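Asks: quick one, what's the 3D model for this:
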Amino acid sequence: MLSLMKRPILVWDLPTRLFHWLLAAGVLGAFAIGNLVDDDQPAFAWHMLLGATAAFLVLLRIVWGLVGSRYARFGSFVFGPRAILDYFRGLLSKDTKSFVGHNPGSSVAIFAMLFLTVGAAVTGALMGSGGEALEELHEVFANALIIVAGAHVAGVLLHTLRHRENLTGSMIAGTKVGDEADAIRSSHPLVGLGFVALTAIWAVGLASGYDAQAGTVRLPLLGTTLAVGEGAEGEKRGGGEHERHGEHDEDDDD
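Replies: Numbering: from 1, shown residues only. Here you go, the predicted model:
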């Protein structure tokens, strides 16, 4: 009788859903460009711009994770080690309880992806100051992010097949089957529109503040100018090397 009382209820608000898909697009786009386009080509700038936009999305998500609706708040999907282990055991044995909001597996993946996205963006921004260590650390963050994202997708597929619960569909429509008492009251459409507007302003500001010749980008709202990639530093080092070679040539002529 209880199961008959359950129906589709609103669980995921619009800002949470927008963040999910925009971050996925930004991370995948940045990773693809970073691996398929040479860093001396003009198109490589999109790798850096997408990475910076992804980091901005994470900042917005952190704010919403503190003040957002019930299942968007971080406090609703914090689980201890035992709960996480029990979830994965149950996932493999088809004997796990259902969760209205994020399950323990998704919770771990989300926290990891937020951290790794910021780590990749920060190390990518600092690479312009030079140093192979930063470049290697940036690659570690980026590769770890893709691995975690892939594991998250695999977990969603496994959960969907095992428990006949369409998690991907719920992140699109915002609904799950459950009790009326567990539903959130609003999808917060105005906050979602504000979310998109701020992200668009940030992205357009980044693109406008990017100087390909100087190899710099001016961060919107902050006004800080950063060297991006290795272009500016590489030109300086290359120029210095040419000057030194010229000096040696002159010495040889003498």
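Asks: pLDDT-wise, which helix or strand of this protein ranks last?
Replies: helix 231-253 (a mean of 44; mean pLDDT, DSSP states H and E).
Asks: do a quick rundown of the strands in the protein.
Replies: All strands of the chain, identified by DSSP state E, fall at 7-10, 175-178, 210-211, 216-218, 225-227.
Asks: which strands or helices does the fourth one pack on?
Replies: Secondary structure elements in contact with strand 216-218, counted by 3 or more Cβ pairs under 8 Å, 6 or more residues apart in numbering; DSSP states H and E, are helix 45-67, strand 210-211, strand 225-227. The way it works is simple: take the backbone N, C-alpha and C, and place the C-beta from them, glycine included.
Asks: same thing but 6 Å
Replies: In terms of contacts (3 or more Cβ pairs under 6 Å, 6 or more residues apart in numbering; DSSP states H and E), strand 216-218 is packed against strand 225-227.
Asks: which residues touch the strand it packs on?
Replies: For strand 225-227, contacts defined as Cβ atoms under 6 Å, 6 or more residues apart in numbering pick out Ala125, Gly128, Gly215, Thr216, Val217, Arg218.
Asks: could you tell me how far Ala120 is located from Tyr210?
Replies: Distance, Ala120 to Tyr210, using Cβ to Cβ, to the nearest Å: 18 Å.
Asks: what segments of the stretch 101-250 of the chain are helices?
Replies: Along the stretch 101-250 of the chain, the stretches classed as helices by DSSP state H, counting those that start in this stretch are 104-126, 132-163, 167-173, 189-208, 231-253.
Asks: need the winner for burial among these.
Replies: helix 104-126 (a mean of 20; mean count of other Cβ atoms under 10 Å).
Asks: good, wrapping up.
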